[in-house]
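Visitor: got a sequence here, can you model it:
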Amino acid sequence: MRKTKLSLLDQIDNPLDLKKLKPAQLPQLCDELRAFLVETVSQHGGHFGASLGTVELTAALHYVMNTPYDQLVWDVGHQAYGHKILTGRRDFFSSNRKYKGISGFPRRSESEYDAFGTGHSSTSISAALGMAIAAKHRGEHDKQHIAVIGDGAMTAGMAFEALNHAGATDTNLIVILNDNCMSIDQNVGALKEYLTHLALSKTYNSLRKNVGKTIHKLPLVGERSKELLHRTKSGIKSMFSEHANFFEALNLRYFGPVDGHDVLNLAETLRDMRNIPGPKLLHVVTTKGKGYAPAEQEKTLWHFPGLFDKVTGKIHKATNDTPQAPKYQDVFGHSIIELAERNDKIVGITPAMLSGSSLKFMMEKMPKRTFDVGICEQHAVTLAAGLATQGMTAFCNIYSSFMQRGYDQLVHDVVLQQLPVIFCLDRGGLVGEDGATHHGIYDIAYSRCLPGLVISSPMNESELRNLMYTAQLPGLEQPFMIRYPRGQGVMPNWKTPFEKIKVGTGRQIREGRDIAILSFGHPGNFALEACSELEEEGLSAALFDMRFVKPIDEKLLHYVFENYQHIITVEDGCVIGGLGSAVLEFMAAKQYHAHVRILGVPDRIVEHGKVNELHRECGFDKIGIITAAKEMLQDLVLTQKLVKHESL
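Guide: Got it, this is the predicted structure:
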């Protein structure tokens, strides 16, 4: 029987196998790797465009560098799918981002080739520099440390802080700037213009090549001569280009720009760079979505397209004739426009999440009142604070997990000055397949300790609109936080009239005699379903939508503790410091005695999976609430069973 010939990719289980290839085989390998990515992601989902754009860079890095001894750090990790495939995870890559499968981001516990866990942007240079300093301390002078960072991630202050430090060190650090003019949305700001100038300047690039060829012909030898050569080359370039010296001014040797899709030239350049001591930066120009036409044409859409037909490029969408509830972020995006049309002081701010937060609608309609500040959460918060000092009403829209990066600014620039900034925290709670780095489960706990900060969460779309409306009304001179989950709400007819909500008040959704369930935010809908099923089994549960965890509705809590001995709290956040903690604090302060059960995210790291799978795992979905109620009411449940048995 004739044996089927293996493709090049099938023969590579680790970078040692990759190094066995001849240089001339690398383009074929890249074609196969790109095809594998298209095939797998089209059927199983995942981030798409970013990894297609780094296929050649990934192959060149593992071909030239001695990974995992040489340590490779991928910023964020959206672009690291090819890296995972070439480092032993090809055969189970289809489990990417699935429950109990491999992570969608680099993760130290998953592979020795994942030198640093990432998920939030702009950390790679700091991490790689720390590794490089440690290697120098150990005397590992041949060890390389490579940080691959996108031009979008480079906009963050942390990246500049790391570059500033790196330039003052004598370390084997290579920063690879993957320049594709994109983060998720189109990049913004002066850095984008600067990098574009470098990439497109014919004068600068021609000069760079010619100077390099000329001075390399000079009869110079030794380390001092190499340094003189470098300084001469840099000086001549700077004379002719005001834009060519930014990275060199920070004492990082600048190389590039180079074509990020020429794998042979990339490999040759990296081989040369590893022999040059000190911190260096390689400017690589790539195309997000390279090699798949639809992804090249609509880069934002194909950042994370979902399942699609690889031949036609048609993205699969669920078909359902029943009217569907909108996503919470879309309700926010449309509602802020309605409010801004009424209130000319309203502005919208987001750190590089225009599409994800749906602030893109406001940008399209009111571009002068909408600000995408790049991946700069700290700046976004303090910008909003500055606007608030001048009487503007700033809606600062940030993903919950990214708000963690602006915590100092939240405390010092907003809360301590009691400025009326409105924070709309998207992706509050468990977010699903993005996993631990993106779960928005800590915001209630880290915010509840801050004096004068209103913390609220809507149970449905109508409440989101009303909380937004309430927050921007005159007279509420304090910061206001509204957190809501990723994904769909529950109201197909969501565009209800705005109504003011009294700050710090909850509401009773359902009456009941046996047990009280206190919910915060969207999980109230799980509790409502649970109440209905409990009733069918003869158990009567009351449901209270708290709406605010700070200030908490003490009048409502007095009523609950005076009428119920069994109480369950339900929230999509960590159980330490959240709604349940606030209820227990109230119970202790007012000297009530009751049996209280807290349902939420347990005190451990929760991995990735579908949102409903994670809710089930954490025990606060409908089934978890029913189970908790039955356990608390086990004597009553037993009585109900006896009565039913006797009636038979």
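Visitor: any idea how far Ser97 is from Thr437?
Guide: Let me fix one detail, which is that residue 97 is Arg and not Ser. With distances taken as Cβ to Cβ, to the nearest Å, Arg97 is found 12 Å from Thr437. (Glycine included, C-beta is placed from N, CA and C.)
Visitor: which residues in the stretch 251-400 of the chain form helices?
Guide: Using DSSP state H, counting those that start in this stretch, the helices of the stretch 251-400 of the chain run over 263-273, 293-297, 328-342, 354-357, 360-365, 377-389, 400-403.
Visitor: now do the stretch 51-200 of the chain
Guide: With helices called from DSSP H, counting those that start in this stretch, the stretch 51-200 of the chain shows them at 55-64, 81-84, 124-138, 157-166, 190-200.
Visitor: quick check, Ala516 in contact with Phe544.
Guide: Yes. Counting by Cβ atoms under 8 Å, Ala516 touches Phe544, with 6.5 Å between them.
Visitor: got any residues that touch both of those two?
Guide: In terms of Cβ atoms under 8 Å, 6 or more residues apart in numbering, Ala516 and Phe544 are both contacted by the residues Val560.
Visitor: how close does the residue lying closest to Asp514 once chain neighbours are set aside get to Asn245?
Guide: Ranked by Cβ to Cβ, 6 or more residues apart in numbering and with sequence neighbours excluded, the top spatial neighbour of Asp514 is Ser540, at 4.7 Å. According to Cβ to Cβ, Ser540 stands 74 Å off from Asn245.
Visitor: same check on Val611?
Guide: Distance, Val611 to Asn245, using Cβ to Cβ: 48 Å.
Visitor: one more: Gly580?
Guide: On the measure of Cβ to Cβ, Gly580 and Asn245 end up 56 Å apart.
Visitor: could you break this protein into its assigned domains?
Guide: Segmentation of the chain into domains, based on automatic domain parsing, reads 9-200+245-294, 202-242, 328-483, 508-647.
Visitor: related to what we said a few turns ago, pick the most buried one from the helices of the stretch 251-400 of the chain.
Guide: Most buried of these by mean neighbour count (mean count of other Cβ atoms under 10 Å) is helix 400-403; its value is a mean of 25.
Visitor: moving C-terminal from it, which element do we reach first?
Guide: helix 407-409 (DSSP states H and E).
Visitor: what does that following helix rub up against?
Guide: Contacts of helix 407-409 from elsewhere in the structure, counted by Cβ under 8 Å, 6+ apart, are Gln378, Val381, Thr382, Ala385, Tyr446.
Visitor: looking at those residues, which is nearest His145?
Guide: Gln378 (25.9 Å; Cβ to Cβ).
Visitor: the closest one and Gln404 touch, don't they?
Guide: No. With contacts counted by Cβ under 8 Å, Gln378 stays clear of Gln404, the gap being 10.9 Å.
Visitor: count of residues packed around Ala412?
Guide: Not Ala; residue 412 is His. In terms of burial, His412 registers 13 neighbours under the definition other Cβ atoms under 10 Å.
Visitor: could you report the pLDDT at it?
Guide: Note on His412: pLDDT of 97.
Visitor: name the SS class of it, please.
Guide: Assigned with DSSP: H, G, I helix; E, B strand; the rest coil, His412 falls in the helix class.
Visitor: change the start of the numbering to 38 and stick with it
Guide: All right, first residue 38 from here; so that's His449.
Visitor: so how far is Asn434 from it?
Guide: Note on His449: its distance to Asn434, by Cβ to Cβ, is 21 Å.
Visitor: same deal with Leu74?
Guide: In terms of Cβ to Cβ, Leu74 sits 31 Å off from Asn434.
Visitor: what does Pro404 give?
Guide: 16 Å.
Visitor: which one's more surrounded, those two?
Guide: Neighbours were counted for Pro404 and for Asn434 using other Cβ under 10 Å; Asn434 has more, 28 against 9.
Visitor: pretty sure that one sits against Asp463.
Guide: Yes. Using Cβ under 8 Å as the test, Asn434 is close enough to Asp463 to be in contact (6.3 Å).
Visitor: okay, the helices of the stretch 288-437 of the chain in a markdown table with distance to Tyr629 and mean pLDDT next?
Guide: Shown next, in a markdown table, are these (distance: least, Cβ to Cβ, whole Å; pLDDT from 0 to 100):
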| stretch | distance to Tyr629 | mean pLDDT |
| --- | --- | --- |
| helix 300-310 | 66 | 95 |
| helix 330-334 | 58 | 85 |
| helix 365-379 | 34 | 97 |
| helix 391-394 | 40 | 91 |
| helix 397-402 | 45 | 96 |
| helix 414-426 | 38 | 97 |
| helix 437-440 | 31 | 96 |
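Visitor: related to what we said a few turns ago, need the overlap of contacts for Asn434 and Asp463.
Guide: Taking Cβ under 8 Å, 6+ apart as the criterion, Asn434 and Asp463 both touch Phe369, Met390, Ser394.
Visitor: just to revisit the earlier point, could you dump the helices of the stretch 288-437 of the chain to CSV with distance to Val101?
Guide: Formatted as CSV, those follow (distance: least, Cβ to Cβ, whole Å):
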stretch, distance to Val101
helix 300-310, 4
helix 330-334, 27
helix 365-379, 42
helix 391-394, 35
helix 397-402, 40
helix 414-426, 35
helix 437-440, 34
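Visitor: please name whichever of the ones you listed is nearest to Leu344.
Guide: Set against Leu344 and scored by Cβ to Cβ, the helices of the stretch 288-437 of the chain come closest in helix 330-334, at 13.7 Å.
Visitor: could you check how many residues crowd around Tyr436?
Guide: Counted with other Cβ under 10 Å, Tyr436 comes out at 26.
Visitor: per-residue pLDDT, it?
Guide: 97.
Visitor: so who does it touch?
Guide: Met390, Gly393, Ser394, Leu462, Asp463, Arg464, His475, Gly477 are the contacts of Tyr436 under Cβ under 8 Å, 6+ apart.
Visitor: for stretch 489-503, what is the average pLDDT?
Guide: Averaged across stretch 489-503, pLDDT comes to 98.
Visitor: any low-confidence regions in the stretch 88-237 of the chain?
Guide: Filtered on pLDDT under 70, the stretch 88-237 of the chain yields the residue ranges 219-226, 229, 236-237.
Visitor: cool, and the stretch 538-685 of the chain?
Guide: For the stretch 538-685 of the chain, the stretches flagged by pLDDT under 70 are 672-685.
Visitor: so where do the strands sit in it?
Guide: Along the stretch 538-685 of the chain, the stretches classed as strands by DSSP state E, counting those that start in this stretch are 544-547, 552-557, 578-582, 585-587, 603-611, 632-638.
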